[in-house]
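What follows is a predicted protein model with its sequence.
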Amino acid sequence: QSWRVVKLPKSGGVVSVSSDRGARKQADAALINDYLYGKARDLCPRHVILPFTSLQLFRTSLSALAPRDALPIGQAEAVGKQQAEVRKVEPDQSLENKILAVAGREVGTEQGLASVNVAGFVHVQKVDSAQARLTVLAPNGLPMPTAKFLVGDIDFIE
């Protein structure tokens, strides 16, 4: 058998994404600024101090699936059924400048956080380990719906 590679033209709906990391970071920062301050800078976010004792931090990750050849004979893997793992995170300096998601409601178990709606986002501005508290910037000064926060990988430096 012989194989031949044929180059096809791009579809009309294809949009090239810039591989420039600097431009992507600037766009992300602009979106976070718009979220916190408003597009017309008409919002006034508030600093909220949260004691470590009054909050719970969690991080989610996808559990690794066993490769097909490692499964018992006759057992088919569940394709697309990766389980989200939720694990508790202790507050430390690595949280500084992170964006945290606020869980939208209380859930019975930690695993329930993997599918809970997000009520909003806060920006961790300062971690004070000596006084055991976080200073976060919230879009408004209203009380948070829960004390459960999901830690992500998004950094934001004003």
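Sure, I can see it.

which ones are touching Glu158?
The neighbourhood of Glu158, defined by C-beta atoms under 8 Å, 6 or more residues apart in numbering, consists of His123. Yep, even glycine has a C-beta here, placed from its N, CA and C like the rest.

Give me the distance between it and Glu90.
Going from Glu158 to Glu90 by C-beta to C-beta, to the nearest Å gives 25 Å.

Trp3 too?
As judged by C-beta to C-beta, Trp3 and Glu90 stand 54 Å apart.

if you count what's nearby, which of these two comes out ahead?
Neighbours were counted for Trp3 and for Glu90 using other C-beta atoms under 10 Å; Glu90 has more, 7 against 4.

If we ignore the residues flanking it in sequence, what's nearest the more buried one?
Leaving aside its sequence neighbours, Glu90 sits nearest to Leu57 (C-beta to C-beta, 6 or more residues apart in numbering; 7.3 Å).

ok, the one you found - how many residues close by?
21.

That one is in contact with Asp92, isn't it?
No. Checked against C-beta atoms under 8 Å, the pair Leu57 and Asp92 is beyond contact range at 9.7 Å.

about what we covered before: write down the beta-bridge partners of the residue nearest to Glu90, one by one.
Val89, Phe149 (DSSP bridges).

contacting residues around it?
Leu57 touches Lys88, Val89, Glu90, Pro91, Leu95, Leu100, Phe149, Leu150, Val151, counting by C-beta under 8 Å, 6+ apart.

and the end-to-end length of stretch 8-28?
Distance between the boundary residues of stretch 8-28 (C-alpha to C-alpha, to the nearest Å) amounts to 32 Å.

now what about that stretch, what contacts it?
The contact list for stretch 8-28, computed with C-beta under 8 Å, 6+ apart, reads Ile154, Phe156.

Nothing else from me, thank you.
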